[in-house]
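Asker: okay, sequence plus prediction incoming.
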Amino acid sequence: MLDITDIRRLKFDVIIIGAGGAGLSAAIAASQEKEIKVGLICKSLLGKAHTVMAEGGMAAALGNVDNRDDWKIHFRDTMRGGKMLNNWKMAEIHAKESPARVRELEHWGAVFDRTRDGLINQRNFGGHRYPRLAHVGDRTGLEMIRTLQDHGIHQGIDIHMECTALDILKDDSSGKISGIVCMYRETGEFVVFETKSIIFATGGAGKSWEVTSNSWEYTGDGYGMAYESGAELIDMEFNQFHPTGMVWPPSVKGILVTEGVRGEGGILKNNEGSRFMFDYIPEKFANETADSEEEAARWLKGDKDARRPPELLTRDVVARAINAEVKAGRGSEHGGAYLDIATQRSGEDIKKKLPSMYHQFKILAELDITKQPMEVGPTCHYCMGGIKVDAETSMTNIKGLFACGEAAGGMHGANRLGGNSLSDLLVFGNLSGIEASKYVKKLKSTPKINEEDIKNIIKNSTSILNREEGNNPYLIHEDLQRNMQYNVGIIRTKKEIENGISKIEDLKTMFKNVKAPGSSQFNPGWHEAIALRNLLVSAEAVSRSALLREESRGAHTREDFPDERKEWLEYNIINRKGKDGKMETIKIKRSEPDPELKRIASSSIDDLEKEVEIDHNNIKNE
Amino acid sequence: MKERDFKIYRGNNEKGELVNYKCEVSEGMVVLDVIHRIQADKANDLACRWNCKAGKCGSCSVEINGKPRLACMTRMNEFEEDTTIVITPLKSFPVMRDIVTDVSWNYRQNKKITPFSPSKKDKEKGFVMMQKDVDRVQHFRKCIECYLCQNMCHVLRDNEGNEKFSGPRYMVRLASLEMHPIDKGDRIEDIKNVHGSGMCNITRCCTEVCPEEIQITDDAIIPLKERVVDRFYDPIMMLFRKIFGNKKTSN
């Protein structure tokens, strides 16, 4: 019998899993209540989470560059980008709160690029009506994480680095959160965090695909743990393929090329030299998109009457267009499209505005982007779906379990706008931190831990090491990635998704007999095997939801159902663990939105701009 | 595809050895790709720290043929085809396992730094800062905390040094705070006494290894040393302060 009497136990009020932008924001917010004891657990070293890779900026209607901007317009852009499937309330909270959160970040030491008047500068991005992204060159994520880190370490937060969360503990009678079992990666030592609430800020599951911009950490840990303990996942069929990942050389395939390149004027061309995005403008966006190169050029020069270039359509549209060009035989040398900034901006501008991109291509592809076009193609980038939460509290259906950032679903609907992720991290990280500490303060008694649960969790992970022989975790992972890439990728069909699900079932069987050789100390093979369970849950949820949604909407494209279907706008799809232990995937009716929000989202842009002008004048006159 | 020879340190802080591996190398591969290939095929338990694989997070710092480098930004075609590539952990920090080191000392140095301190008034009215006034601060804030400079600094390599000197990384952070147009904190005394700016004798080794090309010595360390000198060794300024009290010197 497994003896757990020696296992380290630590007591907390709020435990946050994940220390990217969302996790750090949540930890800072929760720790503002002095009697609340906050712990922050991260798989990597502090400050290395995937947020660091975010490049373009954070969207907030500050109106510093174009004072016509307003939360209403940001909200409308977000809903239209998400193909109206977003959680209305979350999109509202996000648009209203993000300016305050961006300013707060500046008060904590972030140094954004400035306008001529010395304010936070904002840049154009796909799907955003006005220049809206607060940024620092093309390294905005680094600025964000470093600022939160340097501020956070002085807030009395207990930080545990290189520590993997294994599974949640709940009180048997009330079902409330009572703790979480984790493992220090360096030593393999297990630790039980006895905690009254948990916030998952664990990011997405981009490592389920072969071509991905995501790092090793993106294994859907939050999705897997939440699902296993009875929480629901929502919108999992919506996986954003960023249109511009590197395609050459093979070893860097998938690494992100920021949308900022297009925001700064970069254009897309096929191998015939044609600027093909003009051929892919969806009807819905035709009124707001330039229809000639001449108009697009005027827009880049700042002409407020000119409409936006088609390269700045939403990511789902651009990714599908590149995909179609390559399929039609008009792709670049290595199977992508050409992204050209060299002919649009001066070398000096490019180096100033896009220094990381310049550096990245110079070193990794031996290419000078001030002189030559880049080769780019779609790469898996972001999970719109995630753990289902209440919009105003970020709490899941499990009492005491919260989720925020990419780990949570609903905010972005069927497709996320670039720049709305970093602001999402700040807004909902902050909200979940506040709400978790409120929840803890209201608790009348401390939820109890079932010791047997701890033993089972530990046994599940040690058996991977103790097996005499078994399957190689790396190879199962590689198989899963290939499967998702080919069967549940950018363009999907019923038959392929079904093949994908059947392969996932095989891999789940193989996973039951996974074996990691070596000891428990800093053993990547073991860590990989532990993450596999969560990757498999995530991949299954994506596939089953993708099969059920028989339409194409946003980032979910079904070749056998090529159009949006009105009836599907009324449903979200959720996944949860059934009583028989199998995954249930069902559609649930969306609730009727607040009529005012519905009105704003469906207003014409001209009407809404007039309305905002009146609003702004009223504020001035008050 | 060509098979190439590698030697990788396997072991812990007390004992270990260089182990030979062979790996097929194709066009465009970087050293981190090789480590991953060896990990997947031949040594599942080879410990290695990495994240972004694009030179942005600073996790995969190791020594490659004796030079501190980011494994993800070191291309294989830099090396002659017949050379054996030797990958070892950072020398200045204790080995956790294989090529992963314990860098927690750095986090402890960071915590000693007085954080960004704007005035309440500035917060209320919102920051107004001109781009030219923040260019230098932004240059410092490019730091990805890879600790290659800390590893290369000979003051820190000598074990006694790390009790007295916080190292180039934190000189850069201190400079970014001291030169922030809105910051009201005063760190000059700490820079001398807590962070040991006097220990640096300007050999510029840190600047040479910085993957972000931050001018650590010229732009951060030397100006901080000058501010310390102004504060503590300038007789006129000392008299001035005796009369008017300590105020933060301007940029």
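Answerer: That came in fine, so what should we check first? In this text the structure is predicted, and so the values were computed from the model without any measurement. Residues are numbered from 1 along each chain as shown, chains lettered A, B, ... in the order given.
Asker: contacts only, for B:G185.
Answerer: Shown in contact with B:G185 (CB atoms under 8 Å, 6 or more residues apart in numbering or on different chains): B:T114, B:P115, B:F116, B:S117, B:L177, B:E178, B:K248. Where you see a C-beta, it was placed from the backbone N, CA and C, and this is true even at glycine.
Asker: now, which of the residues you listed sits nearest A:F125?
Answerer: Closest approach to A:F125 among the contacts of B:G185 (CB to CB): B:F116, at 27.5 Å.
Asker: just to revisit the earlier point, near chain A, from the contacts of B:G185?
Answerer: Taking CB under 8 Å from any CB of the partner chain as the test, chain A is in contact with B:P115, B:F116, B:L177 out of the contacts of B:G185.
Asker: pretty sure the second one sits in a strand.
Answerer: No. Following the definition DSSP: H, G, I helix; E, B strand; the rest coil, B:F116 is coil and is not counted among the residues of a strand.
Asker: which SSE is B:Y21 in?
Answerer: Element membership for B:Y21, per DSSP states H and E: strand B:16-25.
Asker: show me what that strand is packed against.
Answerer: On a contact count with 3 or more CB pairs under 8 Å, 6 or more residues apart in numbering or on different chains; DSSP states H and E, strand B:16-25 meets strand B:2-11, helix B:31-41.
Asker: then the shortest one to CSV, C-alphas only?
Answerer: Pointing back at strand B:2-11 there. Taking C-alpha atoms only, strand B:2-11 is exported to CSV below (Å, rounded to 0.1, in the frame of the first residue of the first chain):
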residue,chain,number,x,y,z
LYS,B,2,24.2,13.8,-42.4
GLU,B,3,25.1,12.0,-39.2
ARG,B,4,27.0,14.2,-36.8
ASP,B,5,28.8,13.6,-33.5
PHE,B,6,27.7,15.1,-30.2
LYS,B,7,28.9,14.9,-26.6
ILE,B,8,26.4,15.9,-24.0
TYR,B,9,26.9,16.2,-20.3
ARG,B,10,24.9,13.6,-18.4
GLY,B,11,24.8,13.6,-14.6
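Asker: list the buried ones in that strand?
Answerer: B:R4, B:F6, B:K7, B:I8, B:Y9, B:R10 (16 or more other CB atoms under 10 Å in any protein chain shown).
Asker: same question, the longest one
Answerer: By neighbour count with 16+ other CB under 10 Å, helix B:31-41 contains the buried residues B:V31, B:L32, B:D33, B:V34, B:I35, B:H36, B:R37, B:I38, B:Q39, B:A40.
Asker: which other residues reach the helix or strand just after that helix?
Answerer: Moving toward the C-terminus from helix B:31-41, the next helix or strand (DSSP H and E) is strand B:61-64. Contact with strand B:61-64 is made by B:31, B:68-71, B:74, B:85-91, B:99, B:146-148, B:151, as judged by CB under 8 Å, 6+ apart.
Asker: spit out the contact partners of the residue in the stretch 301-450 of chain A that chain B sits nearest to.
Answerer: Going by CB to the nearest CB, chain B is nearest to A:I363 of the stretch 301-450 of chain A, at 5.4 Å. The contact partners of A:I363, by CB under 8 Å, 6+ apart, come to B:G55, B:M73, B:R75.
Asker: same deal with A:R576?
Answerer: Going by CB under 8 Å, 6+ apart, A:R576 touches A:Y227, A:G230, A:A231, A:E232, A:L233, A:M583, A:E584.
Asker: CSV for those, including pLDDT?
Answerer: Listed next are these as CSV, based on pLDDT from 0 to 100:
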residue, pLDDT
A:Y227, 98
A:G230, 98
A:A231, 98
A:E232, 98
A:L233, 98
A:M583, 98
A:E584, 98
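Asker: so which of the residues you listed wins on neighbours?
Answerer: Comparing these by number of neighbours (other CB atoms under 10 Å in any protein chain shown), A:L233 comes first, having 30 neighbours.
Asker: look up how far A:A22 lies from it.
Answerer: Separation of A:L233 from A:A22 (CB to CB, to the nearest Å): 17 Å.
Asker: how about B:G11: what's its closest non-neighbour residue?
Answerer: B:E17 (6.1 Å; CB to CB, 6 or more residues apart in numbering or on different chains).
Asker: and what of A:Y338?
Answerer: A:P373 (4.1 Å).
Asker: and the pLDDT for the one you found?
Answerer: Reading off the confidence values, A:P373 has pLDDT 96.
Asker: is it true that it touches A:A337?
Answerer: No. The criterion here is CB atoms under 8 Å, and A:P373 misses it with A:A337 at 9.1 Å.
Asker: which one of those two has more residues nearby?
Answerer: A:A337 (29 against 19).
Asker: beta partners for that one?
Answerer: Listed by DSSP bridges, the beta-bridge partners for A:A337 are A:V376.
Asker: ok, now which ones touch it?
Answerer: A:L268, A:K269, A:N270, A:F276, A:I322, A:E325, A:V326, A:G331, A:E375, A:V376, A:G377.
Asker: tell me which of the residues you listed is nearest to A:L425?
Answerer: A:V376 (25.1 Å).
Asker: output the below-cut-off pLDDT ranges for the stretch 51-200 of chain B.
Answerer: For the stretch 51-200 of chain B, applying pLDDT under 70 flags the ranges B:159-161.
Asker: swap the cut-off to 90 and go again
Answerer: B:81, B:125-126, B:157-163 (pLDDT under 90).
Asker: show me the strands in it, by range?
Answerer: For the stretch 51-200 of chain B, strands defined by DSSP state E, counting those that start in this stretch occupy the ranges B:61-64, B:67-70, B:85-88, B:95-97, B:100-101.
Asker: reformat those strands as JSON lines; add mean neighbour count.
Answerer: Putting the strands of the stretch 51-200 of chain B into JSON lines (neighbours: other CB atoms under 10 Å in any protein chain shown) gives the following:
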{"stretch": "strand B:61-64", "mean neighbour count": "23"}
{"stretch": "strand B:67-70", "mean neighbour count": "21"}
{"stretch": "strand B:85-88", "mean neighbour count": "20"}
{"stretch": "strand B:95-97", "mean neighbour count": "23"}
{"stretch": "strand B:100-101", "mean neighbour count": "23"}
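Asker: between those strands, which one is closest to A:I157.
Answerer: strand B:95-97 (23.3 Å).
Asker: pull up the pairing partners for that closest one, direction included.
Answerer: With DSSP bridges as the test, strand B:95-97 pairs up with strand B:100-101 (antiparallel).
Asker: how about the residue in the stretch 51-200 of chain A that chain B sits nearest to, what does it touch?
Answerer: Closest residue of the stretch 51-200 of chain A to chain B, CB to the nearest CB: A:G109 (3.5 Å). In this structure, A:G109 makes contact with A:T147, A:D150, A:H151, B:P115, B:F116, B:L177, B:H180, judged by CB under 8 Å, 6+ apart.
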